[in-house]
Structures are given as C-alpha cells and as structure tokens.
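**Q** What follows is a predicted structure for the sequence shown.
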Amino acid sequence: MAKRQTRSPRPGRNRFERFVFIFMGPADRGDLQAPTRELPDRPVQLCARCRQPYDEHEIVRDPGLTYTRCPQAGSSG
C-alpha cells in the first residue's frame, strides 16, 4: 500500500506569508538594551461583606462548591 501524502490545510499560505514578510518585516521587539520598567503593585481587593483583604480569607472547597469564609477576628457582621 502506498503512503498517502498529507496536504497543508491552507495551500499557498506559506507563499503568501513569505510575500508579506518582504514588506512587513519581522515583529518589532523594541529596544532590547532598554532598562526594564517596574510595574506598580496591584490594588488590594476588599471583600464586600467584611471590608478585609481577600488574602486573609479562608477558601473552602467542597465537592461541587467553592467559597470564601470571612476571617473571624475582623468580622463586623
């Protein structure tokens, strides 16, 4: 049995990309020698119920249900 040759899903695509590359060129990567820029810290997300940061909350994972529990010490409600 002879081997079956596979064809590309989009015939002519490689030829088109090579043609466009002549005009567009490679992707612009910016100045590789430029200093890295520091990103600002993300704002802390607060719980709508207890107004405490979500980092202090306990994550409860039950089968079919996942929720957060507010901390006991700072709970106002």
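**A** Alright, I've got the coordinates.
**Q** helix/strand/coil for the residue positioned nearest the centre of the chain?
**A** Centroid-nearest residue in the chain: Arg42, 15.4 Å away (criterion: Cα atoms, centre = their mean). Per DSSP: H, G, I helix; E, B strand; the rest coil, the secondary structure class of Arg42 is coil.
**Q** any idea how far it is from His57?
**A** 17 Å (Cβ to Cβ, to the nearest Å). Just so you know, the C-beta spots here come from the backbone N, C-alpha and C atoms, and that holds for glycine as well.
**Q** just to revisit the earlier point, quick one, phi/psi of the residue nearest to the centre of the chain?
**A** Per-residue torsions, Arg42: phi -70, psi 150 (degrees, to the nearest 10).
**Q** I'd like the numbering to begin with 755 instead of 1 from here.
**A** Okay, residue one is now 755; in that scheme the one you just asked about reads as Arg796.
**Q** Okay, now the unreliable bits of the chain?
**A** Counting by pLDDT under 70, the ranges of the chain that qualify are 755-767, 827-831.
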